[in-house]
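Peer 1: predicted coordinates and the sequence they were generated for:
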Amino acid sequence: MLSGGALGWLFWLLLQQDAALDVQRRQDMLEQAADRAAAAMQRSVSELQSMLGADADPHIPAGVAIVSMAADDVRVRPERALLYYPTRSTTATATGEPFGAGERLEFGKRDLRAAAAFYRALTSRGDAAVRAGALARLARVRRKLADASGALESYDALAALEHATIDGLPADLVARVGRASVFADANRNTELLREAAVLQRELTAGRWRLLDAEYDFYSGQASAWLGSKRVDDPDARVRSEATAWLWTNRGSIPAAEHRSLTLPSGPAFVTWQIAGDRVVTVIAGPAFLSGLCVSLPANLRCTLTDSDGRSLIGVAPVARASAVRMAAASGLPWSLYVSSDGTAAVSSPRRRLLMLVFAVVAVVLVAGWYFILRAISRELRVARLQNDFVAAVSHEFRSPLTSLSHIAEMLAADRLPSESDRRESFQLLVCETDRLRRLIEGLLDFGRFQTGAAALRLELLDAAQLVRSTAGEFRDRVAREGYSIEINEPASKVYVHADREALSRALLNLLDNAVKYSPDCRTVWVDLTRGNDDVSIVVRDQGLGIPVHEQREIFERFVRGADSKARRIKGTGIGLAMVRDIVTAHGGEVHVASEPGRGSRFTVVLHPAGGTP
């Protein structure tokens, strides 16, 4: 815990220092980027201001318009740079006097045909303004007469007079709206949609010189016919709003200045100068302003704010993670903020190396902790098993020793009244002595196999005869308790190279376990089979069975199942370990298959030997 805590604290301290260094480097990068961006913006502003006094037509960047204003006139370069204008055109418009007689026929006497004839006669005059007014009125009368084709013919003729105006409106605009109205009245939807789409496209392109209200009205009418929302060029609308602001304030603005404007449709930059009675101004919309930040790397974010702190371009900046160039210091009409967009890599090569070193050290420490804990756990487990083994062996020794001591005392005191009692006592002495001998021999054999001191005396043995003799000897020992041993062997003899005593010891241990763990079924089966490449000795019972999670451990020394401890079944925990060691020394294998409540099946697999003894 101390080493881990110290390592973690050191790593955290190094990471903090590395992070502080990265923050400083990022701030230096932002400051350099802000200097470059401010210099580029100053050049762009100077280029826009230079357009004000240019004699020849200068190159006008995209998103920029040059507007010249006089007392009753507004001129724009390039053409169609605005959606609407602050004042009407000075183009001549015919007054209502030439059409008075026709309008009295149309509205006073309601003689539409006579009015149509009068207006048609006026369309042949040489004055374009009069012809335009007459064609518009003739189309109106023909619509009242339900003469759609005649109305369309009049509107087509009117559209050809594109430089004429009708009540201040461009003649071709009146013609375009009129045609769409005729199609709407006649439910000619396909032609109406086509005409409305052209009308909306021309309005958005700034084809006609209209006032603000006129533009909004006709744009809304086109959108209604199309069944969609009104579509504008946002940059052109901002330039139009800036022009309207300059027109309204032209009498109060200083002779020369530049500033940023926050308008309803977006930000704009305007610079102007006054020459006599004319104000010449350069207007840049949001598209141009956004282009001022293209010199920055892709992972940096640019924000421009006005004097009130409102964002012109970009999102609100985070002051602690940005480089700032205030308008007062930079001479720009806005304040510039340059910040990281959060996508830049935050892990430097130095930090990656630091993390790699820490990971290696941490792996080494964790591995050390793991192996230490594992060794301690194994030692604790072995100590616990050894304690269990000592207790079990002590109990196994105590039982026969107690019997021997008791019978010896009775014989020494001559307290056995009859000869039959003495013979029975002698027989019991023989059994308990044999039991004690087997226990001691088992412990000695186990010790020899554990230390590798046991030397096998291999010989060619008849496996069936070995099984019969060992099982028969064990049958005689457990017959008094009601147990029987059934042997199944092949018809032909099976020979193996084995140590007779060691292999008998392994088989006896398996038989002893089968009897001890079969309290209800008192039959144990021993099967000898011969395969192509092996000889199998199977000891099976229908006893308590072994849980799956214990089957992996029962061949380890001193390990006994939980059920055997709970039922207080005698045992030392070395029998199956000895079986494994003996079979492994013979080059064979031992397997177990068991299910709780349905018995166990232990299989010893040996390699066969050819020939006869």
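Peer 2: Yep, that arrived. Numbers count the residues shown, from 1 in each chain.

Peer 1: how many neighbours does the nearest residue to residue 172 once chain neighbours are set aside have?
Peer 2: Once flanking residues are discounted, residue 172 sits nearest to residue 162: 4.2 Å by Cβ to Cβ, 6 or more residues apart in numbering. No exception for glycine: its C-beta is placed from N, CA and C like everyone else's. If you count neighbours by other Cβ atoms under 10 Å, residue 162 ends up with 14.

Peer 1: residue 162 is in what secondary structure piece?
Peer 2: When elements are assigned from DSSP states H and E, residue 162 belongs to no helix and no strand.

Peer 1: residue contacts, it?
Peer 2: Residue 162 makes contacts with 170, 171, 172, as judged by Cβ atoms under 8 Å, 6 or more residues apart in numbering.

Peer 1: backbone dihedrals for the second one, both of them.
Peer 2: Same thing as residue 171. Residue 171 adopts backbone torsions of phi -60, psi -40, taken as degrees, to the nearest 10.

Peer 1: what's the spacing between it and residue 119?
Peer 2: 15 Å (Cβ to Cβ, to the nearest Å).

Peer 1: rewinding a little: narrow the contacts of residue 162 to just the buried residues.
Peer 2: Buried by 16 or more other Cβ atoms under 10 Å: 170, 171, 172, out of these.

Peer 1: just give the nearest non-adjacent residue to the first one, would you?
Peer 2: This means residue 170. Distances taken as Cβ to Cβ, 6+ apart place residue 208 nearest to residue 170, at 4.6 Å, with adjacent residues excluded.

Peer 1: and that neighbour, how many neighbours?
Peer 2: 23.

Peer 1: that one and residue 171, how far apart?
Peer 2: Going from residue 208 to residue 171 by Cβ to Cβ gives 10 Å.

Peer 1: tell me what the strand ranked longest in the chain is packed against?
Peer 2: As assigned by DSSP state E, the longest strand anywhere in the chain is strand 266-275. Where contact means 3 or more Cβ pairs under 8 Å, 6 or more residues apart in numbering; DSSP states H and E, strand 266-275 is packed against helix 2-50, helix 234-248, strand 256-263, strand 278-284, helix 286-291.

Peer 1: ok, residues contacting the third one?
Peer 2: Looking back up the chat, that one is strand 256-263. For strand 256-263, the surrounding residues in contact (Cβ under 8 Å, 6+ apart) are 45, 48-49, 238, 241-242, 245, 267-274, 304, 306-308, 310, 312, 333-334.

Peer 1: buried ones in that strand?
Peer 2: Neighbour counts over strand 256-263 (16+ other Cβ under 10 Å) mark 258, 260, 261, 263 as buried.

Peer 1: kindly reformat these as a markdown table containing distance to residue 133 and pLDDT.
Peer 2: Shown next, in a markdown table, are those (distance: Cβ to Cβ, whole Å; pLDDT from 0 to 100):
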| residue | distance to residue 133 | pLDDT |
| --- | --- | --- |
| 258 | 44 | 88 |
| 260 | 45 | 90 |
| 261 | 40 | 91 |
| 263 | 37 | 92 |
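
Peer 1: for those, which one is nearest residue 135?
Peer 2: residue 263 (38.6 Å; Cβ to Cβ).

Peer 1: against residue 137, how distant is the closest one?
Peer 2: Residue 263 sits 39 Å away from residue 137, going by Cβ to Cβ.

Peer 1: and residue 265, by the same measure?
Peer 2: Note on residue 265: its distance to residue 137, by Cβ to Cβ, is 37 Å.

Peer 1: got it, and residue 255?
Peer 2: The value you get for residue 255 to residue 137, if Cβ to Cβ is used, is 48 Å.

Peer 1: more neighbours: these two, which one.
Peer 2: Neighbour count, other Cβ under 10 Å: between residue 255 and residue 137, residue 137 has more, with 23 against 9.

Peer 1: I figured the more buried one was touching residue 120, is that so?
Peer 2: No: the pair residue 137 / residue 120 is not scored as a contact, 9.8 Å apart, by Cβ atoms under 8 Å.

Peer 1: residues shared between the contacts of the two?
Peer 2: Joint contacts of residue 137 and residue 120 (Cβ under 8 Å, 6+ apart) do not exist.
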